[in-house]
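Visitor: Show me how the following folds:
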Amino acid sequence: MKIGGYIAAASLIFWSCSLGGGYKTETEANRITIAVLLETAETLEQMNDSAVNRSRTLRAERLKEIEEGLIENADTLDAESAALLKALSESGEPYHPFSVEKGTATARLRRSAAQLEALNRDLTHNLIPADSVRYYVHRERKFAEKALNKAQRLQEYVADEREADAEWHKKADRTARKLMQN
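Guide: As a prediction, this is how the structure comes out:
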């Protein structure tokens, strides 16, 4: 009986592997997406984030200086001054290290690639019910798309950081002058 069970299991595995070609289009698209995910993760990991981290730190310090200057000059802010300070603070965000965002985005890219690889194994071996294949493929590709979009936004952010930082400091100077006049 045990040998018959092993033979039945082996033939079932062989049969399911031979049928695994039914999702070649999906698995090939997943392979291409995996390659893009991993390439993007490597690009993010190699990105030098020290300049972005430094500019964020300098913005936070500059904002703190402005706030401290206001506290020295007055006990409370009027509504207009508070709104100006709030707008300046929001325009300088985020203040936390860029390396944290970069690490999170890279982890999402790698996790998405691993999920797509697992999905490909399942598709190849027909381990997913036929009526659920579309759902799983769509879900994993959507996650991959979100991870890639976030990575792209971070790359664009780094490319625009120097100009945006200079503009923020000009705005900070104008705001500080205006607030100190009140």
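Visitor: Show me the helices in the chain, by range?
Guide: 2-19, 24-46, 50-73, 79-91, 98-124, 133-181 (DSSP state H).
Visitor: Do you know the pLDDT at the residue nearest to residue 146 when sequence neighbours are not counted?
Guide: Closest residue to residue 146 apart from its sequence neighbours, by CB to CB, 6 or more residues apart in numbering: residue 108 at 7.8 Å. (C-beta placed from N, C-alpha, C; glycine too.) For residue 108, the model assigns a pLDDT of 98.
Visitor: For residue 112, give me its contacts.
Guide: Contacts for residue 112 (CB atoms under 8 Å, 6 or more residues apart in numbering) come out as 37, 140, 143, 144, 147.
Visitor: Look up how far residue 118 lies from it.
Guide: 11 Å (CB to CB, to the nearest Å).
Visitor: wouldn't residue 165 be in contact with residue 57 here?
Guide: No: counting by CB atoms under 8 Å, residue 165 sits too far from residue 57 to count as a contact (11.0 Å).
Visitor: Tell me which of the two has more neighbours.
Guide: residue 165 (18 against 13; other CB atoms under 10 Å).
Visitor: quick one: that one from residue 60, how far?
Guide: Taken as CB to CB, the span from residue 165 to residue 60 is 12 Å.
Visitor: If I look at the nearest residue to residue 29 once chain neighbours are set aside, what pLDDT would I see?
Guide: Using CB to CB, 6+ apart and skipping the chain neighbours, the partner closest in space to residue 29 is residue 141 (7.8 Å). In this model, residue 141 is scored at 95, pLDDT.
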